[in-house]
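K.L.:
Everything below, folded, please.
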Amino acid sequence: MFSSLEKILQGKRHASPEDFDRTIIDLPAPSQLKDLCLNSADAAMQENLGEQRFKFRFATSLEALHGASLLVQKRYAWRGYPAQPLKKYPNRVTLLTSINERIVGTVTIGYDSGEGLFADELYKVEVDALRARGRKVGELNKLAIDKTLGSKHVLGGIIHIAYIYGLIYGCTDAVIEVVPRHREFYERMLGFKQLGPERPNPKADNAPALLMHLPLEYMSEKIAQVGGKGPDGDDHSLYPYFFSLYEQEGIMKRLLGGN
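P.N.:
This next block holds a predicted model:
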């Protein structure tokens, strides 16, 4: 399923996040970055930014983690949920998206290890069932996109790089905890399915949580079919806003320090 990427990955699965290039991608921001703007004032803000540079990078410094934390706390507070500041963990890394150095998206990526996963706190039985089948589980946490400068390209790009990073660590499955009202979005736009019942999350004032699950084989197939096509075509999921297969291989090589 991942044959072309497996050749790139051979012998390099255990690289440290600190070894990765801090800036993964730096390119002109696509015009579709305006597609999630809420009003004309937001659009005017974008025009004032001038020529936009669109970057994806890892948060390898405390300053970068602080910037990501501010975006997460802002977006979670808007929804009425508390959010703790982001910290460094041995089996997790935080990815940032920025436009002209302003952070507009972030996600923390975790891969299974002796440290366990955040999902184990509420859904250990369900995650253990995946482990028992020989699956290697990765998780997404603290996903946040700036409402004024975010877009489907930002969201698709950051999740795609999280997917590539998961492959580096041999992940076969992804899980994410969401609030119940976001379940339909993850099902419709990414193909996640609910795994386990709704449960109160004590770290979020007992707000309800759902665990969503996706085999990475599914994501791989969708990227191959429609990745990089953007709004053209009949696929209304998020996958057309992922990178193309050609770009995916280039990103993988860059992450691993290849040519």
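K.L.:
quick one, helices of the chain?
P.N.:
With DSSP state H, the ranges of helices along the chain come out as 3-9, 40-48, 62-79, 120-132, 152-168, 183-190, 216-226, 245-255.
K.L.:
which intervals of the protein have sub-threshold pLDDT?
P.N.:
1-25, 27-52, 72, 75-87, 150, 258-259 (pLDDT under 70).
K.L.:
With respect to burial, which of the helices of the chain scores highest?
P.N.:
Among those, ranked by average contacts under mean count of other CB atoms under 10 Å, first place goes to helix 152-168 (a mean of 23). For every residue, glycine as well, the C-beta is placed using N, CA and C.
K.L.:
Who are the packing partners of it?
P.N.:
Packing contacts for helix 152-168, counted by 3 or more CB pairs under 8 Å, 6 or more residues apart in numbering; DSSP states H and E, involve helix 3-9, strand 23-28, strand 53-58, strand 92-99, strand 102-111, strand 137-145, helix 216-226, helix 245-255.
K.L.:
same thing but 7 Å
P.N.:
In terms of contacts (3 or more CB pairs under 7 Å, 6 or more residues apart in numbering; DSSP states H and E), helix 152-168 is packed against helix 3-9, strand 53-58, strand 92-99, strand 102-111, strand 137-145, helix 216-226, helix 245-255.
K.L.:
Tell me how many other residues surround P202.
P.N.:
11 (other CB atoms under 10 Å).
K.L.:
meant to ask about K229, not that
P.N.:
Neighbour tally, K229, other CB under 10 Å: 14.
K.L.:
Return the backbone torsion pair for it.
P.N.:
Backbone torsions for K229, taken as degrees, to the nearest 10, come to phi -80, psi -20.
K.L.:
Could you find the closest non-adjacent residue to it?
P.N.:
Among residues not flanking K229 along the chain, P240 sits closest, at 4.3 Å (CB to CB, 6 or more residues apart in numbering).
K.L.:
roughly how far apart are that neighbour and P180?
P.N.:
Per CB to CB, to the nearest Å, P240 is found 27 Å from P180.
K.L.:
So these two - more neighbours on which side?
P.N.:
P240 (22 against 12).
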